[in-house]
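> Pasting a predicted model and its sequence here:
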Amino acid sequence: MLVLFTDTDTDITPKVAKEFGYHLISMPYSIDGVTTYPYEDFEEFDAHAFYDSLRGGILPKTSGISSENYKKYFEPHFRNGDDILYVHFSAAMTATFEAMDIAVKELKEKYPDRKFYTIDTKGITIGSLNIVEEIGDLYKAGKTIDEIMEWSKTEVDKFAVYFFADDLKFFKASGRVSGLAGTMGTLLGIRPIIHMNSEGKMVNIGKEKGRAKALSRLISIVEELQEDIDKHRVIVAHTDAPELVNEAVKRLKEKFGDGLRIEIFDVNPTAGSHCGPSTVGISFHAKHR
Amino acid sequence: MNTTTLDGIMFANMIRGGAASLSAKRQLVNDLNVFPIPDGDTGDNMFMTIDSGVAALRPDMDTSLGSTASAAAKGMLLGARGNSGVILSRIFAGISRELEGTEKADVTLLGKAFESGLSEAYSAVSVPVEGTILTVFKDAVNYAGARINTGSTLESYFENFLKELHRSLERTPELLEVLKKAGVVDSGGAGFIYIAEGMRNALKGEVSDIIRDGTQSVKKIDFSAFDENSELEFGYCTEFLLRLQNSKCDPAAFDLEGFKNYLCSVGESVVAFREGTIIKVHVHTMRPGDILSYCQQYGEFLTTKIENMSLQHNEIYTESKYEPDMKKPRKTYGIVSVAAGNGIKEVFTSLGCDAVVDGGQSMNPSTEDLISAFRNINAEKILVYPNNGNIILTAQQAASLYKDAEVYIIPTKTIGEGYAAISMLDTENRDISGIIDEQKEIISGVVTGVVSKAVRDTKQDGIDVKKDDYIGFVGDCIYNTSADKNTALSGLAEKLETNNYDIVLIICGENVTPDEADEINELFTDKYSQADIIMIDGQQPIYDYILILE
């Protein structure tokens, strides 16, 4: 049997994971040396409280997990005689998958007949989530692993995610966005527009002044790039910016009709530590990223 | 005294006298401000401009009238600050052009020189505004010029000149609405009168000292600036007088236009004109010897002067406060802005400015300050954001004098316009004209309001202003007034329909307390939730709040 895995960096909640049958790997963050594993150390994520603490000046750190940790997640399933498909967040953004490779290599020596598949969503948060959910759909519809892998070859690059942040200091601290010009060193109302490229990296593609203009830019990007948007989910995520989300949803519905399948998620705290509060993003099916 | 000829020594004394007279009155001129707040700086600007001319009058130089006038004019050109300062420097540039090569002048030539100053000053500004120093100078030049006769002396010329200066100054409020509304006369015109009075006094032998409250640097030529390894970057400023010789050519048939065309083909900044059989030439060239040999086929030289311009440039360079540790690599775009107040300067630095030149409403930078910044950046193209209406002309003058980069002025008149434009500047894969158009478009969408404390009672725009009240204004229009600075700011914000903007940037001045700033932050966050409210501790003087709406 095939067992599905994904991680908390994709913004999936335990409830949604359960609907598709995903097992969840928790990606930690730490504040003042105290490490927290989402949905292991707490049941419900209080996004408002978390992002408000970031507004208050807290700057969390994030880290990968150990090989031992990966083994703990995977081994019980191999022992059971199941194969694993791990749909994970972008390998280009982290070193944690080296630890995973070591764990998997050891486990394969122990369980040589077992298969371990991975699909790199080349995204994080909702950029990944849209793909995670589509694969969940295929899995529930009884598609084989070969069919799923074949699907991923073309479709992973067709889920675009665009977002803008409020405060650049979180990106600067994480160093994970390329192309952020020196001319955007402080907040001062400037919103960098960022997307995940087909290499799975965050890239700055422009800037707008003020939330309203930045949101309009996102909507126009969706309009321009979308392909079969009405046949797929459109996911809107935010770091404690409910008004912006409401506005985004309203604008999307105006453009594409009330029938659009819009889902709203909180950005998970680990990824959210890199983009900071009041970020908003849209993930959608597109001609290309 | 009945002086009929003016020589270089006397002219130098007159310029010193003009500077001394203005130095004693500069604050009076500063106070001729259309707003009842202490941000006038015309007196300072004009004084520093003429004082740069004084500094250029070195004791060892040639004492001919032409050389003296030229040295003073060059000094003023580089030292020019503010609109009135730039215009003043161009007046003296025009005077010097007319006097070029002359040993002495009689009153007729002096009158002509002043006329030349007049046309040069008018050509300096793209849209001349009447009711300013331009008008005052024009009226006096025309009045005194028309009264030159055989019995005229320099003294009588100056008496007429001054008489009309005063009368014309009194008329400025009739020509310029903002002056009338504020109940003041034009400050630049007033400053010029003090200079002219000082010149007249020097003519009479009355000399007073120049009062300098700031530090004044003395210029020296530093020969080490061009050493064994230096490369000739700027060429030679080459000037000579050529006497056409009958033995070599037919002076009457000499083709000046063809001669000029030749000079233009081998040099830049060509000025050539003839007076009788004398040809006066000014040219910047890499190979002065070639030009001299060529010219000798027509005649012989009366004077020659060849100066390595790298040394001249270095004169500016060594005085610069932007002394680089090492030569920076040449970049495609450089950004220079002008701002006062540490907090505001930090904002511009963080927005990506390569140099933030100190200056603003109450202290304009000089042409030379800007050129220093240009040199230090070492970029192919330089974008300049003056952020003040009174600095744009200086920036243009600096741009025209600086040859080592293409310099473009983005005509930002306020700090708000500068912030808006620079923050959205995107130079990647763009052509310069597209960038400039876009930047100008951005500027047009910004409103900058200011709250400042009144230093006198006034009634303007239908609003009664009491001394020590805070006024809210935009450009030259007062919107409201209040005894409390926060009330003045919130009132101004309401009048400006802040609820229609996305970005509300509030820059707090040095007299705003943290509690007052907190109160404003809360008030605005509450009232204008549609916008990004950004508070900046600008620490700027005079303006308690700068409110930027975009």
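Cool, the structure landed.
> Could you confirm B:Gly198 falls within a strand?
No. Per DSSP: H, G, I helix; E, B strand; the rest coil, B:Gly198 lies outside any strand segment and is helix.
> Now do the contacts for the closest residue to it other than its chain neighbours.
Nearest residue to B:Gly198, sequence neighbours excluded (CB to CB, 6 or more residues apart in numbering or on different chains): B:Ser21, at 2.7 Å. Heads up, the C-betas are built off the backbone N, CA and C, glycines and all. By CB atoms under 8 Å, 6 or more residues apart in numbering or on different chains, the contact set of B:Ser21 is B:194-195, B:197-199, B:201, B:208.
> Could you rerun that using 10 Å?
B:Ser21 makes contact with B:47, B:50, B:193-202, B:206, B:208, B:210 under the criterion CB atoms under 10 Å, 6 or more residues apart in numbering or on different chains.
> Ok, B:Leu425 next?
B:Leu425 neighbours (CB under 10 Å, 6+ apart): A:181, A:183, A:207, B:333, B:335, B:351-353, B:383, B:385, B:410, B:435, B:438-439, B:442.
> That one belongs to a helix?
No. Counting by three-state DSSP, B:Leu425 is not found in a helix; it is coil.
> Any figure for the gap between it and B:Leu383?
7 Å (CB to CB, to the nearest Å).
> Could you identify the least confident member of the contacts of B:Ser21?
Checked by pLDDT, the contacts of B:Ser21 have B:Ser208 as the lowest-scoring entry (82).
> Tell me which residue is most central in chain A.
A:Thr125 (1.8 Å; CA atoms, centre = their mean).
> so it sits right up against A:Val280, yeah?
No. Using CB atoms under 10 Å, A:Thr125 is not in contact with A:Val280; the gap is 11.1 Å.
> So the chain: which segments form each domain?
I'll assume chain A. A:2-156, A:157-285 (automatic domain parsing).
> that's the other chain; I wanted chain B
If you go by automatic domain parsing, chain B breaks into B:5-203, B:233-311, B:320-443, B:447-549.
> ok, back up a step: write the PyMOL selection for whichever of the contacts of B:Ser21 are buried.
In PyMOL syntax, the buried subset of those is picked out as below (16 or more other CB atoms under 10 Å in any protein chain shown):
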select buried, chain B and resi 47+50+193+194+195+196+197+198+199+200+201+202+210
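> And the contacts of B:Ser21, which two are furthest apart?
With CB to CB as the measure, no two of those lie farther apart than B:Phe47 and B:Glu206, at 19.0 Å.
> For chain B, give me its nearest residue in the stretch 1-150 of chain A.
A:Arg55 (12.6 Å; CB to the nearest CB).
> For that residue, which non-adjacent residue is closest in space?
Using CB to CB, 6+ apart, the closest residue to A:Arg55 is A:Pro277 (5.1 Å).
> what separates that neighbour from A:Thr239, distance-wise?
5 Å.
> So between those two, which is more surrounded?
A:Thr239 (30 against 23; other CB atoms under 10 Å in any protein chain shown).
> The more buried one and chain B, how far apart?
Per CB to the nearest CB, to the nearest Å, A:Thr239 is found 16 Å from chain B.
> do you know how far that residue is from B:Phe524?
Distance from A:Thr239 to B:Phe524, by CB to CB: 23 Å.
> Could you identify the helix or strand that succeeds the helix or strand bottoming out on mean pLDDT in chain B?
Least confident helix or strand, chain B: helix B:309-319 with a mean of 48, by mean pLDDT, DSSP states H and E. Remark: after helix B:309-319, the chain's next helix or strand is strand B:331-339, criterion DSSP states H and E.
> For that following strand, buried residues please.
B:333-339.
> can you give me the helices in the stretch 1-150 of chain A?
Remark: helices assigned in the stretch 1-150 of chain A by DSSP state H, counting those that start in this stretch are A:14-20, A:47-55, A:67-79, A:96-110, A:126-140, A:145-155.
> Does anything pack onto the first one? Which helices or strands?
Judged by 3 or more CB pairs under 10 Å, 6 or more residues apart in numbering or on different chains; DSSP states H and E, the packing partners of helix A:14-20 are strand A:2-7, strand A:22-25, helix A:126-140.
> Need the winner for burial among those.
Mean neighbour count (mean count of other CB atoms under 10 Å in any protein chain shown) peaks for helix A:126-140 among those, with a mean of 24.
> Centre of the chain to that one, how far?
11 Å (CA atoms, centre = their mean, to the nearest Å).
> just for chain A, where's the confidence low?
Along chain A, the parts satisfying pLDDT under 70 run over A:169, A:172-187.
> any common contacting residues for B:Leu425 and B:Leu383?
By CB under 10 Å, 6+ apart, the residues touching both B:Leu425 and B:Leu383 are B:333, B:335, B:353, B:410, B:435, B:439.
> biggest separation within those residues, which pair?
Checking the shared contacts of B:Leu425 and B:Leu383 with CB to CB, the most distant pair is B:Cys353 and B:Ile435, at 15.3 Å.
> So which of the two has more stuff around it?
Ranked by neighbour count (other CB under 10 Å), B:Cys353 and B:Ile435 place B:Cys353 first, with 25 against 18.
> For that one, give me its contacts.
With CB under 10 Å, 6+ apart, B:Cys353 has these contacts: A:183, B:334-339, B:345, B:347, B:373, B:377, B:383, B:385, B:418, B:422, B:425.
> Check A:Ile25 too.
So A:Ile25 contacts A:5-10, A:37, A:40, A:65, A:69-70, A:72-74, A:86, A:88-89, A:96, A:100 (CB under 10 Å, 6+ apart).
> Likewise for B:Arg287?
B:232, B:235-236, B:238, B:266-267, B:293.
> from the domains of chain A, which stretch is densest packed?
Comparing these by mean count of other CB under 10 Å gives domain A:157-285 as most buried, with a mean of 19.
> that older thread, identify the contacts common to A:Thr125 and A:Val280.
A:163, A:237-239, A:267.
> Including secondary structure and distance to A:Ile148, could those residues go into a markdown table?
Conversion of the shared contacts of A:Thr125 and A:Val280 to a markdown table gives the following (DSSP: H, G, I helix; E, B strand; the rest coil; distance: CB to CB, whole Å):
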| residue | secondary structure | distance to A:Ile148 |
| --- | --- | --- |
| A:Phe163 | strand | 27 |
| A:Ala237 | strand | 24 |
| A:His238 | strand | 30 |
| A:Thr239 | coil | 31 |
| A:Val267 | coil | 26 |
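> Can you lay out those residues as JSON lines showing distance to B:Val357?
Below are those laid out as JSON lines (distance: CB to CB, whole Å):
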{"residue": "A:Phe163", "distance to B:Val357": "37"}
{"residue": "A:Ala237", "distance to B:Val357": "44"}
{"residue": "A:His238", "distance to B:Val357": "41"}
{"residue": "A:Thr239", "distance to B:Val357": "39"}
{"residue": "A:Val267", "distance to B:Val357": "42"}
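> phi, psi of A:Ser198?
Main-chain dihedrals, A:Ser198, degrees, to the nearest 10: phi -80, psi 0.
> Could you do B:Asp461 as well?
phi 50, psi 40.
> Now do the contacts for it.
B:181, B:471, B:473, B:476-480.
> go again using 6 Å as the cut-off
B:477-478 (CB atoms under 6 Å, 6 or more residues apart in numbering or on different chains).
> Need the pLDDT of the spatially closest residue to B:Ala182 that is not a sequence neighbour.
Leaving aside its sequence neighbours, B:Ala182 sits nearest to B:Val34 (CB to CB, 6+ apart; 4.1 Å). What the model reports as pLDDT for B:Val34 is 77.
> tell me the SS of B:Val34?
Secondary structure of B:Val34, per three-state DSSP, is coil.
> give me the number of residues near the residue of the stretch 101-250 of chain B found nearest chain A?
The nearest approach of the stretch 101-250 of chain B to chain A comes at B:Glu233, 28.8 Å away (CB to the nearest CB). Residues lying near B:Glu233 (other CB under 10 Å) number 13.
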